[in-house]
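Peer 1: After the sequence you'll find the predicted model.
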Amino acid sequence: MKPYSQACERNRAPILAVLQEAFAGCSAVLEIASGTGQHAVYFGAELPHLAWQTSELSEHHAGIVAWLAEAELPNVLPPLELDVNRTDWPQRRYDAVFTCNTLHIVAWSAVERMFAGIARALPVNGVLAVYGPFNYDGRYTADSNAQFDAWLKARDPASGIRDFANVDALARSYGFALERDVAMPANNRTLVWRRLSENAA
């Protein structure tokens, strides 16, 4: 049986609306933390101009492969082993990176390593799109986000909803400039950056 996420079904259309514009001029995207694989097959079908490279920890590969086998999309590629805490990322470069609901799951140190890896994967003019909940000016955007953050921290004190300013500063340290900050359902956002220079943090 394939793994299934109801959240993926709920958020995929609003995210697609952003990616259709953000990734219009791109040809190869690396998806960090593909999860169940549902987003990959949906976006791959709707964005056939993209070679969509899935990636995950090895224990999640079987579920992703099951979704890919059913969809039979030539532009959606089998998952790579990718741990954001490690430096042995795929050697090739992409012109887009997408990640969904990752920054609040991992520790901030892992977020920093993730952006270092993204900087290695994306050249100048590369596009980064990140979906998830964010705080602004140190404040939650909704009571439900505050409750979700409390649940996250009870599960893992190093996790939690990130403040937009901190994430944007981290992105800027690698030469990225914010292009869009789009409101999504359920008090989430999709943030889109473009890399303007290969500055290193």
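Peer 2: Looks like it arrived, so ask away.
Peer 1: can we go C-alpha only for contacts and neighbour counts from here?
Peer 2: Noted.
Peer 1: The residue nearest the centre of the chain: what's it in contact with?
Peer 2: In the chain, the C-alpha nearest the mean C-alpha coordinate belongs to residue 99, at 0.7 Å (Cα atoms, centre = their mean). Taking Cα atoms under 8 Å, 6 or more residues apart in numbering as the criterion, residue 99 is in contact with 31, 32, 33, 34, 129, 130, 131.
Peer 1: Tell me how far the top helix by length along the chain lies from the chain's centre.
Peer 2: The longest helix of the chain (DSSP state H) is helix 6-22. Remark: helix 6-22 is offset 12 Å from the chain centroid, using Cα atoms, centre = their mean, to the nearest Å.
Peer 1: could you point out which element follows it?
Peer 2: Next along the chain after helix 6-22, taking DSSP states H and E as the criterion, comes strand 28-32.
Peer 1: Contacts for the longest helix of the chain next, please.
Peer 2: The contact list for helix 6-22 (Cα under 8 Å, 6+ apart) reads 38-39, 42-43, 47, 127, 129, 131, 182, 184-185, 190, 192.
Peer 1: can you pick the most crowded of the residues you listed?
Peer 2: Within these, most neighbours by other Cα atoms under 10 Å means residue 127, with 26 neighbours.
Peer 1: ok, it to residue 64 distance?
Peer 2: As judged by Cα to Cα, to the nearest Å, residue 127 and residue 64 stand 24 Å apart.
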